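Undergrad: Take a look and give me a structure for this.
(2 chains)
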Amino acid sequence: MHTTNTKITILAFGVIAEKLGDKILILPQTEDTNQLKKELVSSYPELENLKFTISVNKKLATANTAISPYDEIALLPPFSGG
Amino acid sequence: MDRFVRQYSLSGFGQEKQQKLATAKVLIIGAGGLGCPALLYLAAAGVGHITVVDGDIVSLSNLNRQVLFGISDIGKPKVDVVKEYFSQKYNDIQIDGLPFYLSQENCLGIIENHDLVIDGSDNFQTRYMVNDACTLLEKPLIMGSIFQNEGQVSFLNAHGSKSVNYRDIFPEPPEAHEVLNCSETGVLGVLPGIIGSLQASEAIKFLAGYGEVLDGKLLIYDLLIHNSTIFEVEKNPETQGHFPKTPTEFLRMNYALSCGTVQEITWETVADLLTEEDNLLLDIREPHEMPKLEKIDHTQIPMSEVEDHLEDFAQKNRILICCQSGVRSVKTAQKLSSILIGKEFFSIKGGVNALSENLK
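TA: Numbering: from 1, shown residues only, chains lettered A, B, ... in the order given. Here you go, the predicted model:
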């Protein structure tokens, strides 16, 4: 459910960028990070089984976090390479 | 005059800070893409005692990024090459090499003897195990990792267990099927060069008390556009239940990546995979079972004896297991993945029965 028709920026890293097809996306704003995750998985089903952490305006969201218009969201999967 | 004179004359550094480096004991996990540059710069800076732990041998495909090794080192244990290299180079630091992989059994004892740990490993099982061990022992841990053209760095447990650790950033490990490593995704050597150097710089700053470290921060670096972004991280109360609070609990943890089912592969894939020197074909059938695999390079150990011969796989990262029909090999793959952290085990579908005549 979209709050308004304002947008948010999504920055994708690692394998998430491959699944989304780009490193930067502009998407309709969602109310919070839980809602965003649901919408991402429904648009990009491959995300369902991937582990990643979400950040809002460069702060990692450890629990469900509110999203405001024009916020910058990042999708951060862990990397294992060494 | 000594070889650190340029460090003393750096404003804000000085001899007292240099002395702190000289008395420090740092553990580096992995002498690979990250470990090599970290070793180079910590040794150059005068960190007095460095231990590197790695059970691997040098192989050809390492040489685009593991800059301590060259063509004449292929086949040698990495830690031996490291020790020899630095013994020729400097006369004022000590480098110790442990020629095996860190495991749940040995890791607490090894980490306990050091002031700081640098994680240069290449798999999630080791990363989560080392994080939990360092958190339990309240040892600072510098995480570095790479994926294609991006890298991550963070300084964990800066002030013991009240500081952010890896599970505050990434509470749960991915599952086996989510993971690709350098041999599958590819990497330019400069990327681990940069990330490993960043890890070394974090260590030097922390040990000397110079500048700030990435405590409660996750740095993500993008090689393609040279962009770094620093994300703020706070303690995550929800992850408190995820990691062990005592050594006994630590030994009971299962760090094997969960895989709903064991990964099965076909004989065609086996042929491709066996061109890589760190992959091994393991035949777990009993000696009397026919036909023998004559045309394919393999190791034969009956299923009941496999656990007594784990050192046979020490130098290999992927073990491809076959039996007669593909049933025992699934069980063995499951069992071994829970014992040998960091290696990948595959079961060959259909077993020897599925192998076409001309390849037997």
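
Undergrad: what does chain A put close to chain B?
TA: For chain A, the residues in contact with chain B under the definition C-beta under 8 Å from any C-beta of the partner chain are A:11, A:13-15, A:49-51, A:53, A:55, A:58-60, A:62-63, A:74, A:76-82. The way it works is simple: take the backbone N, C-alpha and C, and place the C-beta from them, glycine included.

Undergrad: Sort out for me which of those are in strands.
TA: Assignment to strands by DSSP state E places the following of the residues of chain A next to chain B there: A:Leu11, A:Thr53, A:Ser55, A:Lys59, A:Leu60, A:Ala74, A:Leu76.

Undergrad: Show me how to select, in ChimeraX, the buried members of those residues.
TA: To isolate the buried subset of these in ChimeraX, counting by 16 or more other C-beta atoms under 10 Å in any protein chain shown, use the following:
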select /A:11,53,55,60,74,76
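
Undergrad: Out of the ones in strands among the residues of chain A next to chain B, flag the one nearest to B:Asn64.
TA: The nearest member of those to B:Asn64, counting by C-beta to C-beta, is A:Leu76 at 26.8 Å.

Undergrad: residue contacts, that closest one?
TA: By C-beta atoms under 8 Å, 6 or more residues apart in numbering or on different chains, the residues touching A:Leu76 are A:Phe13, A:Gly14, A:Ile16, A:Phe52, A:Thr53, A:Ile54, A:Ser55, A:Leu60, B:Ile169, B:Leu218, B:Ile220, B:Phe231.

Undergrad: Do a quick rundown of the strands in chain B.
TA: In chain B, the strands defined using DSSP E lie at B:25-29, B:49-53, B:94-98, B:116-119, B:141-147, B:150-156, B:158-161, B:217-222, B:227-232, B:264-265, B:279-283, B:299-300, B:318-322, B:344-348.

Undergrad: want to try TSV for these, with mean pLDDT as columns?
TA: As requested, these are arranged in TSV below (pLDDT from 0 to 100):
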stretch	mean pLDDT
strand B:25-29	98
strand B:49-53	98
strand B:94-98	98
strand B:116-119	98
strand B:141-147	97
strand B:150-156	98
strand B:158-161	92
strand B:217-222	98
strand B:227-232	97
strand B:264-265	84
strand B:279-283	94
strand B:299-300	93
strand B:318-322	93
strand B:344-348	90
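
Undergrad: By proximity to chain A, which residue of the stretch 201-350 of chain B wins?
TA: Closest approach between the stretch 201-350 of chain B and chain A, counting by C-beta to the nearest C-beta: B:Asn236, at 4.0 Å.

Undergrad: before we move on, the earlier item: dump the strands of chain B into CSV; add distance to A:Ile26 and mean neighbour count as well.
TA: Formatted as CSV, the entries for these read as follows, by distance: least, C-beta to C-beta, whole Å; neighbours: other C-beta atoms under 10 Å in any protein chain shown:
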stretch, distance to A:Ile26, mean neighbour count
strand B:25-29, 40, 26
strand B:49-53, 45, 23
strand B:94-98, 50, 17
strand B:116-119, 35, 27
strand B:141-147, 24, 28
strand B:150-156, 21, 26
strand B:158-161, 36, 15
strand B:217-222, 19, 20
strand B:227-232, 18, 14
strand B:264-265, 41, 16
strand B:279-283, 43, 22
strand B:299-300, 54, 14
strand B:318-322, 41, 24
strand B:344-348, 38, 24
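
Undergrad: so how far is chain A from B:Gly351?
TA: In this structure, B:Gly351 and chain A are separated by 29 Å, where distance is defined by C-beta to the nearest C-beta, to the nearest Å.

Undergrad: Do I have it right that that residue meets B:Gly326?
TA: Yes: under the criterion of C-beta atoms under 8 Å, B:Gly351 makes contact with B:Gly326 at 4.1 Å.

Undergrad: Who has more neighbours out of those two?
TA: Ranked by neighbour count (other C-beta atoms under 10 Å in any protein chain shown), B:Gly351 and B:Gly326 place B:Gly351 first, with 23 against 18.
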